[in-house]
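S.K.: What follows is a predicted structure for the sequence shown.
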Amino acid sequence: MSENRLLPARLYHDPAVLEAEQQAVFERSWQVIGHVSDLPEPGSYIAEKVGRYEVMVVRGEGGEIHGVRNACRHRGAVLGEGRGAFETKGIRCPYHGWTYKYDGSFLAAPEARSFDCLDRSGLGLPKIQVGTLMGLVFVNLDLAATPLAEQLAGLEELAGRYLAGPLEQFGPGYGVHAWNPKWDQGSNWKVLIDNYLEGYHVPAAHPGLARLYQYQRYTATTHPGFAFFEAPLRDEPSGNRVERLYQKLVRPMPGLAAEDARVWRYALIYPNIMLDLYPDQINVWRVVPETPDTSHICMAQYRAAGSGPRTKAVQRLNIAINNLVTVEDELAVTRVQRGSGNPGFEFGPISQREVAVGWFADKLREALAGTAALDQDVARA
């Protein structure tokens, strides 16, 4: 089996495959839910959906972070929405008032004597795994999953300095737990990931990045749980005014070295978490499948706490550059989704610059092997 051989194109369009991915991929992988700064005090919480499940993380009284299923054990009402803080010394259901400790243990129910049988010991919120790495908070529905630090061994050495200091969220990103219709995408989630995993399309699809990058030095390396990319920036001033100002004004954040100002780095945490590591800011993306032909992106932007006016000006330039890149990528992935849906279409060979796309296909092939939605030809692909 070739490392670079892609999955059959039908897997990007088949509803049965998407259902299998929810169970075999998203409900068994570590999913980012936010940053520790999003949980500043006891009772602070972040809620989102992972696979088919509503989940929530809550900061406990001792500072620990708990993960639970986000559905009251009485009638199933969602307990928390988005990001917020519980006002009481516990999690209180807004429907009937059942309450739980921050760790999900059952606490009380109004008019408890009105229930013929109220087994308090069995009414806690089901727990999920929680892990933190580089200040990012992850959850995993699979209680037997490989620990987060083990799965992502090596990533902190490559990216940890970007997230090491006190950070604050800023800009138009509402958080990796939040939903903004502007980030709806007209392609299968895997098309978005494939696009992120290679720089081969930069010269044709991204004129601005082609002016900024030293394209021949763009590198990709794959690891068991993530792929990592480096895009050194050109020393020559860009002919575009916004890009030229960015090159001139950018300085590394606290904790970064001087040479970090001359490179943009990226990481893809399998299966769907993307980190943009810039000298001036960090973007965290979560790609969420919706239908075989549509997906959604949730995004948060972080910068060093207390950034000054110059850094904020650089960040505005960065956002302007990458807003155009986003539009270009949206057009590209939509075209791939449309074209790959032609009957009988199969993807062609991939170049050495697309090695991480092959890595991703292999990871998915392994995760989906044996699922009822897949034919035998997928297992052999």
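M.R.: Structure's in. What do you need? Numbers count the residues shown, from 1 in each chain.
S.K.: which residues sit in contact with the nearest residue to residue 69 once chain neighbours are set aside?
M.R.: Spatial nearest neighbour of residue 69, excluding adjacent residues (C-beta to C-beta, 6 or more residues apart in numbering): residue 126 at 4.5 Å. Glycine gets a C-beta too; all of them are placed from N, C-alpha and C. If a contact means C-beta atoms under 8 Å, 6 or more residues apart in numbering, then residue 126 has 68-69, 104 as its contacts.
S.K.: Likewise for residue 136?
M.R.: By C-beta under 8 Å, 6+ apart, the contact list for residue 136 reads 32, 34-36, 163, 284.
S.K.: can you check residue 29 too?
M.R.: Contacts for residue 29 were tallied using C-beta under 8 Å, 6+ apart; they are 140, 142, 145, 270-272.
S.K.: which of these count as buried?
M.R.: Neighbour counting by 16 or more other C-beta atoms under 10 Å classes 140, 145, 270-272 among those as buried.
S.K.: Do you have the helices of the stretch 151-300 of the chain handy? List them.
M.R.: Assigned by DSSP state H, counting those that start in this stretch, the stretch 151-300 of the chain shows helices spanning 155-159, 189-196, 202-205, 207-212, 241-249.
S.K.: Looking at the buried ones among the contacts of residue 29, which is nearest residue 240?
M.R.: Each of the buried ones among the contacts of residue 29 was checked against residue 240 using C-beta to C-beta; the closest is residue 272, at 31.4 Å.
S.K.: Do I have it right that the closest one meets residue 296?
M.R.: No: using C-beta atoms under 8 Å, residue 272 is not in contact with residue 296, being 10.8 Å away.
S.K.: Please identify every residue contacting each of these two.
M.R.: Both residue 272 and residue 296 are in contact with 287-288, where contact means C-beta under 8 Å, 6+ apart.
S.K.: Mind pulling up the pLDDT for residue 4?
M.R.: With respect to pLDDT, residue 4 scores 45.
S.K.: no no, residue 379
M.R.: The predicted structure scores residue 379 at 46 on the pLDDT scale.
S.K.: The longest helix along the chain: what's the following helix or strand?
M.R.: Residue-count comparison of every helix in the chain, with assignments taken from DSSP state H, identifies helix 309-340 as the longest. Going down the chain from helix 309-340, the next helix or strand is helix 355-368, by DSSP states H and E.
S.K.: low-scoring pLDDT stretches of the stretch 1-150 of the chain, where are they?
M.R.: For the stretch 1-150 of the chain, applying pLDDT under 70 flags the ranges 1-4.
S.K.: residues near residue 187, how many?
M.R.: If you count neighbours by other C-beta atoms under 10 Å, residue 187 ends up with 24.
S.K.: Residue 90 too?
M.R.: 18.
S.K.: correct me, but it touches residue 103?
M.R.: No: between residue 90 and residue 103 no contact is recorded; they are 9.8 Å apart, counting by C-beta under 8 Å.
S.K.: Leaving out the residues flanking it, which one is nearest to residue 106?
M.R.: Residue nearest to residue 106 in three dimensions, not counting chain neighbours: residue 123, with 4.1 Å by C-beta to C-beta, 6+ apart.
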